[in-house]
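**Student:** Here is my input, please return the structure:
(2 chains)
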2 protein chains.
Amino acid sequence: MSVITIERKVLEKNDAIAGRNRERLGQHRVFALNLLSSPGAGKTSLLERTLDELGGKLRVAVIEGDVQTDLDARRIARHGAPVVQIVTHGACHLEAQLVADALDQFDLAAVDCLVIENVGNLVCPAAFDLGEAFKVVVSSTAEGDDKPLKYPAMFQRAAALLINKMDLLPYVDFDVAAVRRNALTINPALEVFETSCRTGEGIPAWCGWIQDRVARLRG
Amino acid sequence: MSVITIERKVLEKNDAIAGRNRERLGQHRVFALNLLSSPGAGKTSLLERTLDELGGKLRVAVIEGDVQTDLDARRIARHGAPVVQIVTHGACHLEAQLVADALDQFDLAAVDCLVIENVGNLVCPAAFDLGEAFKVVVSSTAEGDDKPLKYPAMFQRAAALLINKMDLLPYVDFDVAAVRRNALTINPALEVFETSCRTGEGIPAWCGWIQDRVARLRG
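**Tutor:** Residues are numbered from 1 along each chain as shown, chains lettered A, B, ... in the order given. Next comes the predicted model:
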């Protein structure tokens, strides 16, 4: 029994479907982000803040990935964005086919930016391309500053890192400079933003980055 | 290609090895815990506190599971406990064979309690029995209070829940009563401890629980 061969076949099949998703998104000039983090790093809260900040400027759609519930999709829907929930029923990551099915639910001609919130997991989702333009990793100050070293694959493959929950900095042992240094050693091209959904710190800079990328795609 | 069949075979093979681990630990009356959480919930800090609290009372050995580094094993070794590091090189969970290999490195006759710190991941490790007596799940107040609902498998299979980083409670939105209620609905047998490695809150109660279980095993 060759599990490694099976895994490679699963990834190859996934990558082929991701390629088709990318092509489809490209036809409609939709800028797609794959948002990744540990459980509880604050992806959904960041997304809520992002939707409010970009309201009236960009048309943002959301795909929510969760193991079990649709709690996050309900939170997103309150902000007026079109949202599709994928429940993986125990699976630890999103796959390209699930995203392909979700894309059928949107009017892509009316979307500038698609954010795919992956399952909370710093390991498995790194291996699965969904057809996004960029992966974005969120790491919170409450998680400790060793995450880039301990989960390097995620940081290698991301275009941006959001150091989130900056408001907790006075109450936790977290060396922002060390995280930046370690993350940039692994991936020198990484854009780093320091954010807080409580204070709003860094949200305009992060949303400015999104707007800039959308403008490049549409310019 | 039947991925589901392969996965079932992987789990069956794992369970058989886990059974042999359990038998081996039982012969030496070693009480074994499988410690599970998101990345950054504070497993290693809890373990450091636990080792200090139980020093001179119980002989505790540690297996550290990590995706990439041996940072955690180095932290544990400073507390004088025998420790073996397993680096999974990208894999998202520990498997029973890795633990079997690690057990060869210990003098089990000189161990009362073995703590296996799993890879930081709230999804995949839930499915893999390692031969432990109990699974223990750690969830931090900084992660949000929706985790039992969103990752039910982990909470269903655990014997104890440590609500950690209680010192951050004034600075985060976290409803302790709701987490207790939701976790106990999923698993009414769950023992719940509220802990903080900064203040030491709950550490004696948690360590008392371990001592009680070891006494039962050895009595």
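
**Student:** How about the residues of chain A by chain B?
**Tutor:** A:1, A:3, A:6, A:9-10, A:38-42, A:66-69, A:71, A:90-92, A:119-124, A:140, A:142-144, A:146-147, A:149-153, A:165, A:167-168, A:171-172 (CB under 8 Å from any CB of the partner chain). Yep, even glycine has a C-beta here, placed from its N, CA and C like the rest.

**Student:** hmm, 6 Å instead?
**Tutor:** A:6, A:38-40, A:67-69, A:71, A:92, A:121-124, A:142-144, A:146, A:149-152, A:168, A:171 (CB under 6 Å from any CB of the partner chain).

**Student:** what about the helices in chain A?
**Tutor:** A:3-27, A:43-54, A:71-77, A:96-103, A:147-150, A:152-157, A:176-186, A:203-218 (DSSP state H).

**Student:** low-confidence ranges in chain A?
**Tutor:** A:1-7 (pLDDT under 70).

**Student:** Spit out the contact partners of the residue nearest the centre of it.
**Tutor:** For chain A, A:L35 is the residue whose C-alpha lies nearest the centre (CA atoms, centre = their mean; 0.7 Å). Contacts for A:L35 were tallied using CB atoms under 6 Å, 6 or more residues apart in numbering or on different chains; they are A:K43, A:V115, A:E117, A:V136.

**Student:** could I get those as TSV with neighbour count and distance to A:A81?
**Tutor:** Shown next, in TSV, are the contacts of A:L35 (neighbours: other CB atoms under 10 Å in any protein chain shown; distance: CB to CB, whole Å):
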residue	neighbour count	distance to A:A81
A:K43	26	14
A:V115	25	9
A:E117	27	12
A:V136	26	17
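
**Student:** one step back: minimum distance to B:A177: which of the helices of chain A has it?
**Tutor:** helix A:71-77 (17.8 Å; CB to CB).

**Student:** Could you tell me which residues within the closest one count as buried?
**Tutor:** A:D72, A:A73, A:R75, A:I76 (16 or more other CB atoms under 10 Å in any protein chain shown).

**Student:** Specify which member of the contacts of A:L35 is nearest to chain B.
**Tutor:** A:K43 (10.3 Å; CB to the nearest CB).

**Student:** Which of the contacts of A:L35 sits closest to A:D104?
**Tutor:** Looking across the contacts of A:L35 and measuring by CB to CB, the closest to A:D104 is A:V115, at 17.5 Å.

**Student:** Okay, and the beta partners of the closest one?
**Tutor:** A:L33, A:V62 (DSSP bridges).

**Student:** residues in contact with it?
**Tutor:** Here A:V115 is in contact with A:L33, A:L35, A:V62 (criterion: CB under 6 Å, 6+ apart).

**Student:** before we move on, what about A:F106?
**Tutor:** Contacts of A:F106 by CB under 6 Å, 6+ apart are A:A61, A:P82.

**Student:** Would you mind measuring from it to chain B?
**Tutor:** 24 Å (CB to the nearest CB, to the nearest Å).

**Student:** What is the distance between stretch A:10-17 and the centre of its chain?
**Tutor:** Averaged C-alpha coordinates place stretch A:10-17 at 19 Å from its chain's average position (CA atoms, centre = their mean, to the nearest Å).

**Student:** sorry, that was for stretch A:171-178
**Tutor:** The answer for stretch A:171-178 is 23 Å, by CA atoms, centre = their mean.

**Student:** export the buried residues of helix A:71-77 to a markdown table and tack on distance to B:F106?
**Tutor:** As requested, the buried residues of helix A:71-77 are exported to a markdown table (distance: CB to CB, whole Å):
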| residue | distance to B:F106 |
| --- | --- |
| A:D72 | 42 |
| A:A73 | 47 |
| A:R75 | 46 |
| A:I76 | 48 |
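
**Student:** Between which two of the residues you listed is the distance greatest?
**Tutor:** The widest separation within the buried residues of helix A:71-77 (CB to CB) is 7.3 Å, between A:A73 and A:R75.

**Student:** So which of the contacts of A:V115 is the closest to A:A183?
**Tutor:** Among the contacts of A:V115, and counting by CB to CB, the member closest to A:A183 is A:L35, at 16.4 Å.

**Student:** how far away is the closest one from chain B?
**Tutor:** In this view, A:L35 and chain B are 16 Å apart by CB to the nearest CB.

**Student:** re the thing from before, selecting buried members of the residues of chain A next to chain B in ChimeraX, what would you type?
**Tutor:** A single ChimeraX command is used to select the members of these judged buried by 16+ other CB under 10 Å:
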select /A:6,38,39,40,67,68,69,92,121,122,123,124,142,143,144,146,149,150,151,152,168,171
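
**Student:** What is the burial count for A:G42?
**Tutor:** 25 (other CB atoms under 10 Å in any protein chain shown).

**Student:** Pretty sure it sits against A:M166.
**Tutor:** No. Applying CB atoms under 6 Å, one finds A:G42 not in contact with A:M166, separated by 10.5 Å.

**Student:** how many other residues sit next to the residue lying closest to A:R24 once chain neighbours are set aside?
**Tutor:** Nearest residue to A:R24, sequence neighbours excluded (CB to CB, 6 or more residues apart in numbering or on different chains): A:L103, at 6.4 Å. Counted by other CB under 10 Å, the residues lying close to A:L103 total 23.

**Student:** just A:R49 next, same as before
**Tutor:** 21.

**Student:** same deal with A:I17?
**Tutor:** For A:I17, using other CB under 10 Å, the count is 18.

**Student:** Then A:Q156?
**Tutor:** 16.

**Student:** Number of residues surrounding A:A159?
**Tutor:** Neighbours around A:A159, by other CB under 10 Å: 18.

**Student:** Likewise for A:S139?
**Tutor:** Neighbours of A:S139 using other CB under 10 Å come to 29.

**Student:** who's in contact with it?
**Tutor:** A:S139 neighbours (CB under 6 Å, 6+ apart): A:K147.

**Student:** How about the contacts made by the closest residue to A:E132 other than its chain neighbours?
**Tutor:** In this structure, A:E132 finds its nearest non-sequential neighbour in A:N34, 3.9 Å apart by CB to CB, 6+ apart. Counting by CB under 6 Å, 6+ apart, A:N34 touches A:I116, A:L130, A:E132, A:K135.

**Student:** Turn those residues into CSV, including neighbour count.
**Tutor:** Shown next, in CSV, are the contacts of A:N34 (neighbours: other CB atoms under 10 Å in any protein chain shown):
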residue, neighbour count
A:I116, 28
A:L130, 28
A:E132, 23
A:K135, 22
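
**Student:** just those residues now: which is nearest A:A16?
**Tutor:** A:L130 (12.5 Å).

**Student:** How much space separates the closest residue to the closest one other than its chain neighbours from B:D145?
**Tutor:** Spatially, and ignoring its direct neighbours in sequence, A:L130 is nearest to A:V99 (4.7 Å; CB to CB, 6+ apart). Separation of A:V99 from B:D145 (CB to CB, to the nearest Å): 28 Å.
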